[in-house]
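# task: produce atomic coordinates for the following.
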Amino acid sequence: MRGRRRFRTAVAAATAALLCGGALSGCTGGDPDAAAPSARSTPRPTPRPTPLWDVSPASVAAVGDSVTRAFDACSVLSDCPEVSWATGTDTAVNSLALRLLGPAKVATHSWNLARTGARMAELPEQMAGAAAEKPELVTVMMGANDACRPTPDLMTPVADFRASFVKALARLRAGAPKAQVYVASVPDLKRLWSTGRVSPMGLRVWKLGICGAMLADAEDLGPAAERRRAAVLDRVVAYNRVLAEVCAKDARCRYDGGAVFGYRFDGGQLSPWDWFHPSRDGQARLAELAYRRITKE
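So this is what the prediction gives:
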């Protein structure tokens with residue numbers, strides 16, 4: 001009799017185990033109060049991941065060419081870094097650094113490492129210098145001089161442009177792996193030609209040899225001149241494609257989406273001395289475009 005009871009008990013236990021492991025979820029072998037979570041319990045919220053991009057970096061290093069040095073913005077044939085779109089202290093321009101850091105910190109928390117006349121091949125060296133400062137943000141505006149050669153055949157090949165930009169980002173990452181990077185597009189040089197060619201002053205200055213590939217013989221509308229200008233524009237578009245593609249592979253890099261290239265500037269944004277570089281007002285517009293992109297959530 002006792003044997004039959006043991007047998008029935010064993011069968012019941014085995015059946016319960018099978019049911020709990022199958023369709024009847026929530027079965028327990030102990031306290032019935034532990035069968036399901038308490039209705040009064042509150043699930044813990046999943047912590048939100050920290051975003052890689054900080055919209056309020058606390059230090060800024062600027063690399064690039066004459067635009068970032070504000071060449072010809074204050075006086076003829078000279079840099080004027082105090083009105084630079086990136087790191088300037090002039091309140092009328094309201095540079096990116098002024099907007100992000102405030103006037104008290106611009107002198108100690110921003111660095112302008114750009115050089116007038118620089119081309120993309122120099123960017124790796126500039127980036128190494130920027131990395132040494134351990135900035136939270138690095139701004140890059142480079143490439144106009146690669147297209148603005150005396151003739152189109154002297155423009156920097158796209159493959160070389162890409163290789164230098166890739167190397168520059170690698171140099172930065174080696175010394176400042178968490179630095180954010182803002183990359184401005186190369187300006188539309190053909191729009192520069194179409195804007196300045198109606199100015200007698202612009203035409204006179206350009207005859208001195210500024211950006212010959214695009215601006216030489218500015219009044220010539222013949223097919224050869226048009227093909228030359230189209231070749232320069234195509235190269236600028238290709239450079240911007242490189243900037244976008246390389247930047248997209250770096251989680252801490254933001255390209256401006258073509259904002260500088262697409263900006264519809266007029267004569268008021270060009271230097272009165274060369275009708276080529278940005279004036280103070282042009283520098284202010286560049287600062288605004290950069291700030292808008294960098295602080296976008």
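# ok, F276 - contacts?
Residues in contact with F276 (Cβ atoms under 8 Å, 6 or more residues apart in numbering) are 72, 192, 196, 205-206, 210-211, 215, 270. No exception for glycine: its C-beta is placed from N, CA and C like everyone else's.
# so which residue is smack in the middle of the protein?
Y182 (2.5 Å; Cα atoms, centre = their mean).
# residues in contact with that residue?
137-140, 254, 256, 290, 293-294.
# if we use 7 Å, what do you get?
137, 139-140, 254, 290, 293-294 (Cβ atoms under 7 Å, 6 or more residues apart in numbering).
# likewise for V76?
W273.
# could you check how far it is from W273?
4 Å (Cβ to Cβ, to the nearest Å).
# now do the buried residues in the longest helix belonging to the chain.
For the chain, the longest helix by residue count, based on DSSP state H, is helix 223-248. Buried residues in helix 223-248, defined by neighbour count with 16 or more other Cβ atoms under 10 Å: 228-229, 231-233, 235-236, 238-240, 242-244, 246-247.
# which of those residues sits closest to T151?
Using Cβ to Cβ, R228 is the member of the buried residues of helix 223-248 that lies nearest T151, at 8.1 Å.
# contacts only, for that closest one.
Going by Cβ under 7 Å, 6+ apart, R228 touches 152, 213.
# same question for the one 10 residues further on.
Listed by Cβ under 7 Å, 6+ apart, the contact partners of A238 are V158.
# which pLDDT does the model give it?
Looking at A238, its pLDDT stands at 98.
# moving C-terminal from the helix or strand of the chain with the lowest mean pLDDT, which element do we reach first?
Ranking every helix and strand in the chain by mean pLDDT, DSSP states H and E puts helix 2-21 at the bottom, with a mean of 41. Using DSSP states H and E, the helix or strand that follows helix 2-21 towards the C-terminus is strand 60-64.
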